[in-house]
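Student: when you get a sec, could you give me coordinates for this:
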Amino acid sequence: MIPFIAVLLAFSISPDNWGFETSQSYITSIFGDSDGTMWCSTSGGILHYDPNTGWDDPIVYPDELPWYKANDLYVFDSLLWVATAGGGLALKQGDSWQVFSSYEGIPGSGAVHSVHCAGGYTWAGSDGGLSRGNAEGFQQINESATGGAFKADEVTGITSVSDILFLATDRGVYSLDLLASPFNPDSWTSHETATNNLGISDIYTVTADSVFGFGPGGVAQMIDPDSWRVLLDFSMSDDSVVTGLLRTDDGLFASCINVRRFIEEGVWEIYGEGYPASTFSSCLGFACDKIWVGYGLNNVSTENSGNGLGYLDSGTWVSVPVSGMAGSSCYQITLDSGNIYLGSHNAGLMVCYPDSGWMTFNMNTVNMPRSLRTYSSAKSSSPGIWTGSYYYGLTWIDDRNTFSMEDDTVITYVSDSLSGVSPDVVQVIAPLLNNQVVMLSVQQGALWIAQEAFWQSPDEISGIVAVSGDPESGDLEWTSRTDMDGLALKNIQTLYPCGQDSLWIAFASNGGCQLLVHGGNPVDKSQDTWYPGHGEVYDTSWGLSSNQVFCFARDKGGNILAGTGSGLFRWQENAFVQISGITGSIKTMQVDNGGRIWCMGGNSIICVDGSEITEFTTSNSPYIPTSRVENEFSVFQPDEGKLHFSSIIGLWTIITQQGSDESPDLLFYPQPFLPADEELRICWTGADRQISVKLFSLDGQYLGCIQAESWEEWSWNGSLSGEDVSSGVYLAIIETDGMAIRAKVAVVR
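Tutor: As a prediction, this is how the structure comes out:
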């Protein structure tokens, strides 16, 4: 297990405060246990299936495994061995786990590709080569240990048959006589000359005379140690990627595009009815008296999404979805009525309903134009959720806050009509600048749309668009802002509404940032003022140490914070001032109930609590940093004290403090609050001590704080930072007498 080192802080963030969800729908291997059950390794842990009881609760990182992704597994003699993609080799023995890394004889950086039990030992193939051992430890088997007979630096596949171990390596195929010592050079047979150029990444054996290699190069069969014949080769086409082989009484099968049966050399036919057309299988296996596959992938090389499992039933393929997130590579996060909406790279718009689990909106489930690169999500004043599929416009989904999709409404808005999409997709031509939607934000009930990619130079009109109104009635008002209006650059990184009439804009490609101040109505640009000027940006000449600006937030004093490629900055007195002690990229950030600033950096999650700075890394927390930059998002859930961070490997959650409790005897009055008539007050039976009321929008944005010496003296006139708040429902966190109580305030103007 990853060691958890205690961190002494003014607040407690133990491993129990962390949550992590990632996709288990991409299946990497299938193992039929001798007890009649089935095990699966997945891109998000391992699964266990009993035909009598169904799926067990998933075993996922960080609860049990040392790493979130499992490449392979093997069950032998009541021991469960799991090859993880970054945490070494894991062993479950009874209720306890052991982890074997380079310190325990598993060579390499922790990526174990394959595990197999044979000849009285467990064999592990990793990015550092081959090792052999048992629960007591492992020993590396390399060139020096074998007298030069085994020269591979990486082992990607292991299997055995008739006391012969076969290995797929970076140098081709090797075999070892298990009845002899692996340290005896004569025990080894090298198949390098015949196999090194065949693209073999794994091995499948039926008998000692029936050995097959498969992988990106297709399928090859061993004729003799120095001669292999190619059975499937589509000359570098995607079709040649073979992820599994299986032989039954009906023949030899390969999982690639669909599942195919061998007819003759170079000829394979699609096997079974009903498999999704032109989709891949991620693996193949036999378990529970059935043929199973990793099911219906759009792209076999994209492991951040999948479609669960499928099995063959009387000649027809049956889909078996795996619960949980459909894709691990996730982006913008939106909260609505307790639901978490999450943009993704491959799986469309994902949503978690607290009482029902995960659901996915994409081209296969509802009439969206496509699933790929659905980065954005946002909740405006109208019912429903907004999202966008890059190059495929802006989509509005009204799911009625129900798990069922039967009554959902889906409308896609495009600047130009989309071709090649389902005729069931409802397309509405709208005054968008183009069909490329990067991210979304909400202000004064209107939706802000960032247009054009942030990773390339726009080749068309681009900028930001505001839209307000009700999509279902068709009553929408649109307004765009481009360089002709004062926008400095076309490449939009992020949009951050501040108050009622200010919008901070970060530009990609080291473009700095800009501030738009409008008249309080995003679709009315008649009162627009651009800072620092028309077509100008805040850059290093304004105090920033980097022109790379990723994100914004407001601290507890109402000041703007900017996360950059070189640290965290605060806007003060018409300049940016760096917050000392924080370096490197700040990809996204949020401010919690206590005013602490939480930043996702390149190597850690950082908490800034006044002058105290704490970093959470792999050494003192379950957090796993990722290299992706410019695509991280976050949101704060103030009623539960939860922070959510998106990443390429899944969704991280941190409980920053105990969730605030509702107090039945604490009341705001009058409700609804009409600021024009009177001030808002508190009625409560609690101790009459100093009180602080922090106000948040329902999507977690911190708006401001009103304090008083006692709840009897507390009142609010409906304005924050000198500006009247708009009509709507706001979340209030009341802090007094060592307690945090949550409530809601309805404002009507």
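Student: partner residues bridging the residue nearest to the spatial centre of the chain?
Tutor: Centroid-nearest residue in the chain: Gly650, 2.9 Å away (criterion: CA atoms, centre = their mean). Beta-bridge partners for Gly650, by DSSP bridges, are Ser647.
Student: so it sits against Met325, correct?
Tutor: Yes - assessed by CB atoms under 8 Å, Gly650 is found in contact with Met325 at 6.8 Å. All C-beta spots, glycine's among them, are computed from the backbone N, C-alpha and C.
Student: please enumerate the shared neighbours of these two.
Tutor: Common contacts of Gly650 and Met325 (CB atoms under 8 Å, 6 or more residues apart in numbering): 21-23, 44.
Student: quick one: residues contacting Met589.
Tutor: 551, 553, 561, 563, 568, 597-600, 634.
Student: of these, which belong to helices?
Tutor: For the contacts of Met589, not one is inside helices, with DSSP state H as the criterion.
Student: what subset of the residues you listed is buried?
Tutor: Neighbour counting by 16 or more other CB atoms under 10 Å classes 551, 553, 561, 563, 568, 597-600, 634 among these as buried.
Student: just give me the closest of the residues you listed to Ser719.
Tutor: Ser719 lies nearest to Ala553 out of the buried ones among the contacts of Met589, by CB to CB, at 21.3 Å.
Student: the stretch 551-700 of the chain: helices as residue ranges?
Tutor: Taking DSSP state H, counting those that start in this stretch as the criterion, the stretch 551-700 of the chain carries no helices.
Student: and if you look at the stretch 151-300 of the chain?
Tutor: Assigned by DSSP H, counting those that start in this stretch, the helices in the stretch 151-300 of the chain fall at 192-195.
Student: and the strands in it?
Tutor: Using DSSP state E, counting those that start in this stretch, the strands found in the stretch 151-300 of the chain span residues 155-161, 164-169, 172-177, 188-190, 202-207, 210-215, 218-224, 227-232, 244-248, 251-256, 258-264, 267-270, 284-287, 290-294.
Student: so for Glu536, which of these sits nearest?
Tutor: The nearest among the strands of the stretch 151-300 of the chain, by CB to CB, is strand 290-294 at 52.1 Å.
Student: how much space between Val267 and His518?
Tutor: From Val267 across to His518, the span is 66 Å (CB to CB, to the nearest Å).
Student: now do Glu269
Tutor: The value you get for Glu269 to His518, if CB to CB is used, is 63 Å.
Student: Tyr295 too?
Tutor: Remark: distance between Tyr295 and His518 (CB to CB) = 49 Å.
Student: and if you look at Leu165?
Tutor: 70 Å.
Student: what about Cys330, distance to Pro58?
Tutor: From Cys330 to Pro58 the distance is 18 Å (CB to CB).
Student: neighbour count winner among Glu269 and His518?
Tutor: When neighbours are counted by other CB atoms under 10 Å, His518 comes out ahead of the other of Glu269 and His518, with 23 against 10.
Student: pretty sure the more buried one is touching Leu503, no?
Tutor: Yes - counting by CB under 8 Å, His518 touches Leu503, with 7.2 Å between them.
Student: between Cys330 and Pro58, which is the more surrounded one?
Tutor: Taking other CB under 10 Å, Cys330 and Pro58 do not tie; Cys330 has more neighbours (32 against 18).
Student: got a pLDDT number for the spatially closest residue to that one that is not a sequence neighbour?
Tutor: Leaving out its chain neighbours, the residue that sits closest to Cys330 by CB to CB, 6 or more residues apart in numbering is Ser646, at 4.4 Å. With respect to pLDDT, Ser646 has a value of 97.
Student: before we move on, back to that, of the shared contacts of Gly650 and Met325 - the most surrounded one?
Tutor: Scoring the shared contacts of Gly650 and Met325 on neighbours with other CB under 10 Å, the highest-scoring entry is Ser23 at 31 neighbours.
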